[in-house]
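> Could you look at this predicted model? Sequence included:
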Amino acid sequence: MQVKKLLFAPRTGLALSLALNLILAVRLFTATDSDVCDCGVSIANKNDNTTSKLELIQQTPKEEEEEEQSDFYTIGIATGTDKVQAQQTFKKCQDTGKDGCLYPHAINERCRPWGHFYHTMYNKWLGPKYAKDDAEPFQFLEIGYFRGSGYDAYSQFLPQAEMHSFEIRCDCKEGELCAANNPRYDELLSSNRLQCGDASSVEFLDKTWKTHMKRDDAPPLMVVVEDGSHMAQHIVQSILFWFPKIQPFGLFFIEDILPLGYINAIKTEFLPQLMADVHFCGPDKNGTNALLNEERCFPTIQPLLASIQCEMHICVLERNDKPAMELTLDQMDFGSYPNALDKSKCNVFASS
């Protein structure tokens, strides 16, 4: 369709005529091929070589849209990990009150569906720096391989990562779900990328670290994900061992911080102490009492901790710019921290 001339009767007045023509010109300039304005003016047909400014602008969102399809949610759905499934089961749970639900009567409706919404955290914290082909090589550690759907998702999402994982239960009976069911199981074992053993044992962790990860040719350890037994003591043990080994500006993710008996102390006892350590100053060296006489709750973590960021049931601990530290086994052992799951034993909370 040919573009018609922009004409209005002069009897409407010169000012009004100019204004209406200007408005119509703007509409014409920003119309797409299929758009027709209500005054009978349309853009030139598709054979015309001209391109509207709107078409040029729209190319950018389309390109971004294509890039966004390679996000953790899309990959997680494909691998079947529960880390992203709540995005799909939420509506079904809401509609039926039964199907797709794990806790159908929870007051918070986002707690009702089966699965999690972790893709938002991983896209935000890993996407910009690590989830691209030209990222610097780095080590990624997952604690809790299970059947490997999460590991497979991370592997695809992080193309430059040297992947490692721990699993305490690698073998299982026929018909059960375990690490041995994953098609890559033998490959990961033979390449020392999957370690079968107790990830709460500092001796086992130390041996694995020094033998398979702390190599001269190894890239830096930058990301650790705690998704193991979900027992509070085991989570703290993972942080005490691995957080000091993460290189500056690296990340430690804690998953499944649910209001369940075996893990709830992470939310009520452990994280409040870490938050206190984020804000730690220590007593005033001049003795002026300007600052409270507080102590670090976790003296091997506080000097390295930059921030704690959380969404529902998942938190990330961010490393500051201080160099990684190698500690003794005692310094990394849960038993050395009686306050770990009892904040009243850290002097910051002793009187509260």
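Okay, I see it. Numbering: from 1, shown residues only.
> Burial check on the residue lying closest to Y130 once chain neighbours are set aside, number of neighbours?
Excluding its sequence neighbours, the residue lying closest to Y130 (CB to CB, 6 or more residues apart in numbering) is L158, at 5.2 Å. (Each C-beta comes from the backbone N, C-alpha and C, glycine too.) Residues within reach of L158, counting by other CB atoms under 10 Å, total 24.
> Dihedrals phi and psi, L158?
L158 adopts backbone torsions of phi -120, psi 80, taken as degrees, to the nearest 10.
> How is E136 assigned, secondary-structure-wise?
When classified by DSSP: H, G, I helix; E, B strand; the rest coil, E136 comes out as coil.
> From the centroid of the protein, which residue is nearest?
For the chain, the residue nearest the mean C-alpha position is Y122 (2.1 Å; CA atoms, centre = their mean).
> tell me which residues in the helix or strand that one falls within are buried?
Under the criterion of DSSP states H and E, Y122 resides in helix 119-125. Neighbour counts over helix 119-125 (16 or more other CB atoms under 10 Å) mark H119, T120, M121, Y122, N123, W125 as buried.
> same thing with stretch 248-255?
Residues of stretch 248-255 classed as buried by neighbour count (16+ other CB under 10 Å): G250, L251, F252, F253, I254, E255.
> Find the nearest non-adjacent residue to the fourth one, please.
By that I understand F253. Spatial nearest neighbour of F253, excluding adjacent residues (CB to CB, 6+ apart): V225 at 4.5 Å.
> How is that neighbour assigned, secondary-structure-wise?
Relying on three-state DSSP, one would call V225 strand.
> wait, what's in contact with it?
Listed by CB atoms under 8 Å, 6 or more residues apart in numbering, the contact partners of V225 are F140, L141, E142, I143, G144, G150, Y154, F252, F253, E255.
> So the residue nearest to the centre of the chain sits against G150, correct?
No. Counting by CB atoms under 8 Å, Y122 does not reach G150; the two are 10.4 Å apart.
> which residues are in contact with both of these two?
K83.
> circling back to that earlier point, which ones among the buried residues of stretch 248-255 are found in strands?
L251, F252, F253, I254, E255 (DSSP state E).
> Return the member of those residues nearest to H105.
Nearest to H105, judged by CB to CB, of these is E255 at 23.4 Å.
> partners of that closest one in the sheet?
Beta-bridge pairing of E255 under DSSP bridges involves I314.
> returning to that earlier point: grab the nearest non-local neighbour of the residue nearest to the centre of the chain.
Of all residues not flanking Y122 in the chain, F72 sits nearest, at 4.3 Å (CB to CB, 6+ apart).
> Give me the neighbour count for H105.
Counted with other CB under 10 Å, the neighbours of H105 add up to 8.
> okay, the spatially closest residue to it that is not a sequence neighbour: pLDDT?
For H105, ignoring the flanking residues on the chain, the nearest one in space by CB to CB, 6+ apart is R112 at 7.7 Å. Looking at R112, its pLDDT is 96.
> Thought T96 was touching R112, still the case?
No. Applying CB under 8 Å, one finds R112 not in contact with T96, separated by 10.8 Å.
> of those two, who's got more company?
Taking neighbours as other CB under 10 Å, R112 and T96 compare with R112 leading, 20 against 11.
> rewinding a little: out of the buried residues of stretch 248-255, which comes closest to L271?
Comparing those against L271 with CB to CB places I254 closest, at 8.4 Å.
> how far away is that closest one from K210?
Using CB to CB, to the nearest Å, one gets 25 Å for the distance from I254 to K210.
> Over to I107?
In terms of CB to CB, I107 sits 47 Å off from K210.
> Looking at these two, which is more packed in?
Neighbours per residue, other CB under 10 Å: of I107 and K210, the larger number sits with K210, 11 against 7.
> how about the more buried one, secondary structure?
Going by three-state DSSP: K210 is helix.
> Tell me which stretches of the stretch 1-150 of the chain form helices.
Using DSSP state H, counting those that start in this stretch, the helices of the stretch 1-150 of the chain run over residues 14-29, 53-68, 72-79, 86-96, 119-125, 127-130, 149-157.
> Can you flag the weakest of those by average pLDDT?
Across those, the lowest-scoring stretch is helix 53-68, with a mean of 40.
> Specify which member of the ones in strands among the buried residues of stretch 248-255 is nearest to A179.
Using CB to CB, E255 is the member of those that lies nearest A179, at 17.7 Å.
> list the contacts for the closest one?
By CB under 8 Å, 6+ apart, the residues touching E255 are K83, H116, Y118, V225, E226, D227, H230, H313, I314.
> which residues sit in contact with the second one?
Spelled out, it's H116. Here H116 is in contact with D82, K83, V84, Q85, A86, E255, D256, H313, I314 (CB under 8 Å, 6+ apart).
> OK, contacts around the fifth one?
Residues counted as contacts of A86 (CB under 8 Å, 6+ apart) are R110, P113, W114, G115, H116, F117.
> again with the third one
Applying CB under 8 Å, 6+ apart, one finds that V84 lies in contact with F72, Y73, G76, I77, G115, H116, F117, Y118, H119, A153.
> Leaving out sequence neighbours, find the closest residue to it.
Nearest one to V84, counting by CB to CB, 6+ apart, is G76 at 3.6 Å.
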